[in-house]
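> Have a look; sequence and predicted model below, questions after that.
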Amino acid sequence: MNIIFFGSSQFAVPCLKVLLAAKHKISCVVTQADKEKGRGLSLGVTAVKAAAELCNLRIYQPRQVNDGDTVSFLKGLNPDLFIVVSYGQILSQRVLDIPGIFSINAHASLLPKYRGAAPINRAIINGDKITGVTIIKMTERMDAGAIMMQKTTKIKENDTFIILEEKLSKDAAALLIEAVNSIENNKYKLTPQDESKVTLAPKLKKEDGLIDWNKPAGEIYNLIRGCVKWPGAFTYYKDKLLKVYKARILEMPDAGYRIPAGELFRVDKDSIVVATGNGNLAIEELQVEGKRRMKVRDFIAGHKICAGEKFYKK
RNA sequence: CGCGGGGUGGAGCAGUCUGGUAGCUCGACAGGCUCAUAACCUGUAGGUCACGCGUUCAAAUCGCGUCCCCGCAA
């Protein structure tokens, strides 16, 4: 079977590798164009491109995947199946119709829940206990195709985006192999999604990472876990952006009086405890703009920070 | 050449504007106090101040160049 693989982010890499390991023929890897910008001048290469180069696969990077040139290029390869995993562009029906069989997609949620670009982040931020991966037959509507297979995974209390992404990407890879095999044997089943249960997981914006200290400690904790990597849960301290990478909810006896949310309740040698709308949060790892990520202990060693000061929203 | 912050003993920072024996907090090590301790007290070690060139009697500090790290923006 002649496969063309579409993917860009890290999440797609295990899928690509597993397909190769299973000796499937991948005639081309389509990935997002290199971003010629960055800080300074560096150009970014997608994780999938890097992996594909190591495996000496043919790489194609259309600026617009739906344009005529791309369509004729892809047709020329005579593919049987398109496999799309966090590619980053929406494929038009014209493109989806190119392969002889059809196109499938691996999505990091239990569809119809969390259609969209940021299902992993949203699941953690919302405090969900379970999530999973779904393989669907693609249609032009984003993440709306019929379900081919699905696997559920628990989200642990201390899972961060990075951990969960890695876990789900492995599940996706395993499921993908099963899906491809079932297609080869023509034994797959398709179940339409229940449209009444659709929820969306739109791409995160920078501002989604802004911490609102009036919220309960648990919600802020989830935000921190879900925003690790990008955009990072952040607040402000002394006019500087401060990202919180790691924290833990602190069970403490009621002080007897109300501490304003965002105020530093206690600062000692190796912890900073912040009051929230409900409960306290002990910061464990943070990063100030211009500086690298560090443990609170190190931050405290070099900063005159004391109880009573505040973290605020700009 | 998108904007900006930074590179100072093991870690995090001050000092740079207003050149002149390198400082703070933490850690390490040694000793002390203590029933005991991550607490407290005393002492010790550890730095060519990212790199190169220049200005100067004298450069962490001023000028020029290079490398590296990071925030924003994409």
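Here it is on my side, so go on. Residues are numbered from 1 along each chain as shown, chains lettered A, B, ... in the order given.
> Give the lowest-confidence helix or strand of chain A, using mean pLDDT as the measure.
strand A:264-268 (a mean of 87; mean pLDDT, DSSP states H and E).
> anything in that strand near RNA strand B?
No. Counting by CB under 7 Å from any atom of the strand, no contacts exist between strand A:264-268 and RNA strand B, the nearest distance being 9.0 Å. In this view, the C-beta of every residue, glycine as well, is placed from N, C-alpha and C.
> I'd like the next helix or strand past that strand.
strand A:271-275 (DSSP states H and E).
> What strand or helix carries A:G226?
helix A:217-227.
> tell me the angle that helix makes with strand A:271-275.
120 degrees (axes from the mean of the first three to the mean of the last three CA atoms, to 10 degrees).
> Next, report how far the longest strand anywhere in chain A is displaced from the centre of its chain.
Looking across chain A with DSSP state E, the single longest strand is strand A:240-250. Relative to its chain's centre, strand A:240-250 lies at 19 Å (CA atoms, centre = their mean, to the nearest Å).
> How about stretch A:287-294?
Relative to its parent chain, stretch A:287-294 has a centroid offset of 22 Å by CA atoms, centre = their mean.
> One more: stretch A:198-206?
Put simply, stretch A:198-206 sits 11 Å off its chain's centre (CA atoms, centre = their mean).
> Could you tell me the angle between the least confident helix or strand of chain A and strand A:240-250?
Using the same axes, to 10 degrees: strand A:264-268 against strand A:240-250 is 80 degrees.
> Remind me what strand A:264-268 packs against, helices and strands.
strand A:271-275 (3 or more CB pairs under 8 Å, 6 or more residues apart in numbering; DSSP states H and E).
> Give me the helices and strands touching the strand it packs on, please.
Counting by 3+ CB pairs under 8 Å, 6+ apart, strand A:271-275 packs on strand A:264-268, strand A:280-288, helix A:296-302.
> Next, the angle from the second one to strand A:271-275.
Compare the direction of strand A:280-288 with that of strand A:271-275 by the same axes, to 10 degrees and you get 120 degrees.
> And for the helix or strand harbouring A:V18, what's in contact with it?
Per DSSP H and E, A:V18 falls inside helix A:13-21. The contact list for helix A:13-21 (CB atoms under 8 Å, 6 or more residues apart in numbering) reads A:3, A:5, A:7, A:26, A:29, A:47-48, A:51-52, A:55, A:57, A:83, A:85, A:106, A:169-170, A:172-174, A:176-177, A:180.
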